[in-house]
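In: Quick one: sequence and predicted model below, then my questions.
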Amino acid sequence: MPNWSTHLLTEYFTAVNAAEHEETAIASAVERATEMVEAEAGAVVRDGRVIGAYGFGSVVPEIALGEAAAGQPMIEIPYVGELHVASNPLGGETGDALIVARQAEPFDPEERQMLQGMGQVLGLALRSIRVLAAERHLRAEKERQATSAQTRQRLVESLLTIQRAISARRPLPEILDAVTCGAADLLGGAKVTLMLAEGGPDQRLTAASTCGDGDSPPDSLAQAAMAGGAVLVRPSEQGWMIAAPVRVTGEMAGSLCALLASTGGQQTEQRDQLSAFAQQVSLALTDARTVEAVREAHHDPITGLPNRALFLKILNRVLASRGTMADPTSVLFIDLDRFKAVNDSLGHDAGDQLLALVARRLRGCVRASDTTARLGGDEFAALLHDLPVEAAQFVGERIVAAIKEPFRVAGREVFVGASVGVAVSREARQNSEELLHNADVAMYRAKKDGLGRVLVYEPYMHAEALDRLSLRGDLQRALREGEFRLQYQPLIRLADGRATGVEALIRWHSPTRGFVSPVDFIPKAEEFGLIADIGQWVLETGALQVTKWRRDFPDLTLNVNVSGHQLVHPRFADNVMRALAIAGLPSSAVTLELTESVLVSEPDLGRSALGVLRKLGVQLSIDDFGTGYSSLAYLRELPVDELKVDRAFIARAELTGEDLALVRTIVELAQILGLRVVAEGIENAAQLAALRKLGCGLGQGYHLCRPIDPEHVAVRLAATQGESPVGVLDHRSTA
Ligand code: C2E
Ligand code: MG
Ligand code: MG
């Protein structure tokens, strides 16, 4: 007995102590204890509950076993009968016991003692298992904490890297890639995708950045996170998907999505991590938008150069920080010559391309530390610091030379030029706006002197500019307040002295300037963009007036001078026809006078308008013929009806045979082409006689009739209808 018992005891100890879990320890203990004493059944009771049983079959007598644990020597088992029990405390709480039950005979003291030992051994084993388990749990928890601290550290480092990239203004795609890859890395190689809404009504999502392999997240996931405004976790085929919403300046802009093979029980942690990355994306995007907005507010999008506001800011800073001993600060005002022609003929895209190329050349003409800017339209500026005046002027020359070289735009060679004004500041207290304005004034002057020049600002230019400014205001007021008047000069048929028509001539009696000749103010009105309105007023007023006179003189026609600037106005033909319609004047009664230079310099647009008007019956005349380009080629191409020979030829016609020959040629040419000829500026009888002899059809001039106010016109017209010979009209002028 001691032999087998020792052997069995050893086996019992080994098995129970080797058990890693309480359940296995209990199961081994009950089974072995029961078999060792050849009992029928056994159990372990703890806290009044049976936690391990052997030999009882499917129905364990819980209550009986509980009583046995409490000291009952026998238990009654249904269908089996009475059993002797040995209850062996486990050494801990009272009531905990290893129980064996035998039917045949009661347990002897030796058996009882052995069983007691076995009970205690089990108790010990259970306690140590519990401690070990607790320790294991503790260790696991510590390890978990260590790895989670490590993960957090990595998260922090990753986010810091991203933040640094944001504040260093790294390109946005680079930052977004850092976000997705940082998140993918941290989430153990998950596939991470940043889905951004493209904007627009349908808010389509696109993957702005992706890191990792595998499927892309479904749009629905990203949209759900956006709609809910919170992090979402959903099961997927492979494991889990997490989506964290991304906001830009507070508004929902997309989602950062991760597809994970398995969350390894760290769902919460991973959710929080992804959310942290999503916040970085929000920051980066918001920041990029802000930077973009700031950039847009300060830079010209076409050339990338600083705009006027930023240029003035920089200029202010330079002026304020300048040492008194330093060389002066110069501002160059650069205006392109002929830019408008390129823009008009090749289109705005080509114009934009050209501006970008000009900007690049400008940058090449100054030092890296100098500032160049686009002020607007075709105007640029350069700020040259610490440079003597001569050097600044030299830079201006260099710019003019650089811009003169052809540009390749829209597959063509394009030629423009530049005029440059230079303003120099020596005083530290100079105002930046004023300096720029002075450079502008000098540029304007340079342009007036001929294109492609550089001029340094002088104070006298200021007075000129002021006058120019006030002239603009005065002209605007003249139009508004009705300061303009028309005089009319008859066109006389030289053969019989009858007036066939009148030419409307504009007059301006300015309350501040007195009488201003159209020769002086028409070019200004053209420059200021006021000529279209002034021209329209002349047309409407003249048409109404002539319509009235036509009641008495039904064949009377109206000649109106038209500026080239009016001609290229897109609605010019419409405007002319509207004026005639309002007045009720037939188009055939109107002749538009244009100068040769206009016809040569405004080829396409102007010609098409003229073509339209001509088809509608309006007649066309070439004013001051012979003074301009004298290119007769356009006479064949243009639908012209009349030539007005410039008075320069008429004045000398009586004197030199050469001029007479020229006028004769023009008259003959006109006859061949079927055109009317009007001799302008007939001032005396000799000229009149010479012209009649040449067969010139019509004439105008002080000798025939001066330009007169409308109230006198009817009387004069009536006088020419009589038998009065040519030349007897009243010579008085009311001008
Ligand atoms: P234009 O169309 O060649 O007009 C003829 C100019 O010669 C007029 O000067 C007229 O008064 C002047 N004139 C007429 N007969 C004689 C003469 O025998 N001797 C001399 N020395 N001059 C004579 P005005 O009115 O000062 O106009 C000058 C120019 O201003 C016009 O030349 C025309 O080009 C322009 N102009 C006048 N009115 C208008 C207008 O309503 N619109 C536009 N666009 N231009 C106008
Ligand atoms: Mg005229
Ligand atoms: Mg003329």
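Out: That came through, no problem. Ligands and ions are numbered 1, 2, ... in the order given.

In: Where does residue 126 sit, in terms of helix or strand?
Out: helix 109-167 (DSSP states H and E).

In: helices and strands around that helix, which ones?
Out: helix 2-18, helix 22-36, strand 81-89, strand 97-102, helix 172-186, helix 267-298 (3 or more C-beta pairs under 8 Å, 6 or more residues apart in numbering; DSSP states H and E). No exception for glycine: its C-beta is placed from N, CA and C like everyone else's.

In: Packing partners of the first one?
Out: Using 3+ C-beta pairs under 8 Å, 6+ apart as the contact test, the elements touching helix 2-18 are helix 22-36, helix 109-167.

In: Which pLDDT value goes with residue 518?
Out: According to the prediction, residue 518 has pLDDT 95.

In: Tell me who's in contact with it.
Out: When contacts are counted by C-beta atoms under 8 Å, 6 or more residues apart in numbering, residue 518 touches 505, 506, 507, 508.

In: Where does pLDDT dip in the stretch 551-700 of the chain?
Out: Within the stretch 551-700 of the chain, the segments meeting pLDDT under 70 span 597-606, 627-634, 636-637, 653-656.

In: where exactly do the strands run in it?
Out: Ranges of strands within the stretch 551-700 of the chain are 557-561, 590-595, 619-625, 642-645, 676-679, 698-699, based on DSSP state E, counting those that start in this stretch.

In: among those, which is nearest ligand 1?
Out: Ranking the strands of the stretch 551-700 of the chain by proximity to ligand 1 (C-beta to the nearest ligand atom) places strand 557-561 first, at 3.5 Å.

In: Just the buried residues of that closest one, please?
Out: By neighbour count on 16 or more other C-beta atoms under 10 Å, the buried set for strand 557-561 is 557, 558, 559, 560, 561.

In: All the strands of the stretch 201-350 of the chain, residue numbers only.
Out: So, for the stretch 201-350 of the chain - with DSSP E, counting those that start in this stretch - the strands run 205-211, 232-235, 240-248, 251-260, 329-337.

In: what's the spacing between whichever residue of the stretch 151-300 of the chain sits closest to ligand 1 and residue 355?
Out: Ranking the residues of the stretch 151-300 of the chain by distance to ligand 1 (C-beta to the nearest ligand atom) places residue 300 first, at 35.8 Å. According to C-beta to C-beta, to the nearest Å, residue 300 and residue 355 sit 8 Å apart.

In: same check, this time on residue 216
Out: 42 Å.

In: Those two: which is more packed in?
Out: residue 355 (23 against 13; other C-beta atoms under 10 Å).

In: Show residues contacting the helix or strand hosting that one.
Out: Using DSSP H and E, residue 355 sits in helix 348-365. Contacts to helix 348-365, defined as C-beta under 8 Å, 6+ apart, come from residues 302-305, 334, 336, 339, 342-343, 372, 374, 378, 380, 382, 395, 398-399, 402-403, 405, 407-410, 414, 416.

In: PyMOL command to pick out the buried ones of those residues?
Out: The following PyMOL line selects those of the contacts of helix 348-365 that are buried, judged by 16+ other C-beta under 10 Å:
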select buried, resi 303+305+334+336+339+342+343+372+374+378+380+382+395+398+399+403+407+409+414+416
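
In: I figured residue 572 was touching residue 610, is that so?
Out: No. Taking contacts as C-beta atoms under 8 Å, residue 572 lies outside contact range of residue 610: 9.0 Å.

In: Now, the contacts of residue 518 that are in strands?
Out: Within the contacts of residue 518, residues falling in strands by DSSP state E are 505, 506, 507, 508.

In: could you pick out which of these are near ligand 1?
Out: 505, 506 (C-beta under 6 Å from any ligand atom).

In: Which two among the ones in strands among the contacts of residue 518 are spaced furthest apart?
Out: 505 and 508 (11.0 Å; C-beta to C-beta).

In: neighbour count winner among these two?
Out: Ranked by neighbour count (other C-beta under 10 Å), residue 505 and residue 508 place residue 508 first, with 22 against 19.

In: for whatever residue of the stretch 201-350 of the chain ends up closest to ligand 1, what are its contacts?
Out: For the stretch 201-350 of the chain, the residue closest to ligand 1 is residue 340, as judged by C-beta to the nearest ligand atom, at 19.8 Å. With contacts defined as C-beta under 8 Å, 6+ apart, residue 340 is in contact with residue 378.

In: Nearest spatial neighbour of the residue lying farthest from the centre of the chain, chain-adjacent residues omitted?
Out: Computed with C-alpha atoms, centre = their mean, the maximum C-alpha offset from the centroid of the chain is found at residue 105, amounting to 101.2 Å. The shortest distance from residue 105 to any non-neighbouring residue, by C-beta to C-beta, 6 or more residues apart in numbering, is to residue 84 (6.9 Å).

In: Quickly list what's touching both of residue 300 and residue 355.
Out: Residues touching both residue 300 and residue 355 (C-beta under 8 Å, 6+ apart): residue 374.

In: before we move on, the earlier item: if you compare the directions of the helix holding residue 126 and strand 97-102, what angle comes out?
Out: For helix 109-167 against strand 97-102, the angle by axes from the mean of the first three to the mean of the last three C-alpha atoms, to 10 degrees is 140 degrees.

In: Give the burial count for the closest residue to residue 397 other than its chain neighbours, as a bare number.
Out: Of all residues not flanking residue 397 in the chain, residue 454 sits nearest, at 5.5 Å (C-beta to C-beta, 6+ apart). A count of nearby residues for residue 454, using other C-beta under 10 Å, gives 23.

In: low-scoring pLDDT stretches of the stretch 251-400 of the chain, where are they?
Out: In the stretch 251-400 of the chain, residues with pLDDT under 70: 262-265, 290-291, 293-295, 323-325.

In: Count the neighbours of the residue in it positioned nearest to ligand 3 for me.
Out: Closest to ligand 3 within the stretch 251-400 of the chain is residue 341: 26.4 Å, counting by C-beta to the ion. The number of residues packed near residue 341 is 13, by other C-beta under 10 Å.
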